[in-house]
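Q: give me the fold of what follows.
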Amino acid sequence: MKPYCINNISNLLYYLLMKLNKKDEYNVGDVVRFERNISLKPHTVNTYYYTGIIVRKRKKDAIAMTVYWFEAGEYDYMISIPEFEGDYVWTAHDEIYGLMNVPCEYKLHLISNFGSWWYGSHKSLYQSIIIEALQ
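A: Next comes the predicted model:
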């Protein structure tokens, strides 16, 4: 994995304020910062940085682990991001920069930017964040 690149003021603020912690495995409910490389034209790649909350993790199958042994992590993560109103992005472990240690109020604010359908699909995660905020 390449080192964290600070190429705009938003990334600088995340780096300074949210000190990302790289982990071997992330859990459902963790807020993470990750990148997506998207090629819209031939020979060009646009890199986008997102912050989202993990809503599901899926263990890679044995064949993928054998063939792609050089890739870090044994899980892929489904992450809800506010830029798409809570819609999901599947990402590999090596695309995640790290865990953001944020207060539960930030998690609630993040979730408030999701569509109204999100609560019905992720009630248990939402309720666990509410309980965490009340403690």
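Q: ok, now how distant is the nearest residue to Ser39 once chain neighbours are set aside from Ile38?
A: Nearest in space to Ser39, with sequence neighbours left out and distances taken as CB to CB, 6 or more residues apart in numbering, is Val45 at 5.1 Å. Bear in mind the C-beta positions are built from the backbone N, C-alpha and C, glycine included. According to CB to CB, to the nearest Å, Val45 and Ile38 sit 7 Å apart.
Q: with Tyr106 instead?
A: Tyr106 is 26 Å from Ile38, by CB to CB.
Q: who's more crowded, those two?
A: Tyr106 (14 against 9; other CB atoms under 10 Å).
Q: contact partners for the residue lying closest to that one once chain neighbours are set aside?
A: Excluding its sequence neighbours, the residue lying closest to Tyr106 (CB to CB, 6+ apart) is Val31, at 7.2 Å. For Val31, the contact set (CB atoms under 8 Å, 6 or more residues apart in numbering) comprises Thr51, Gly52, Ile53, Ile54, Leu99, Met100, Val102, Tyr106, Lys107, Leu110.
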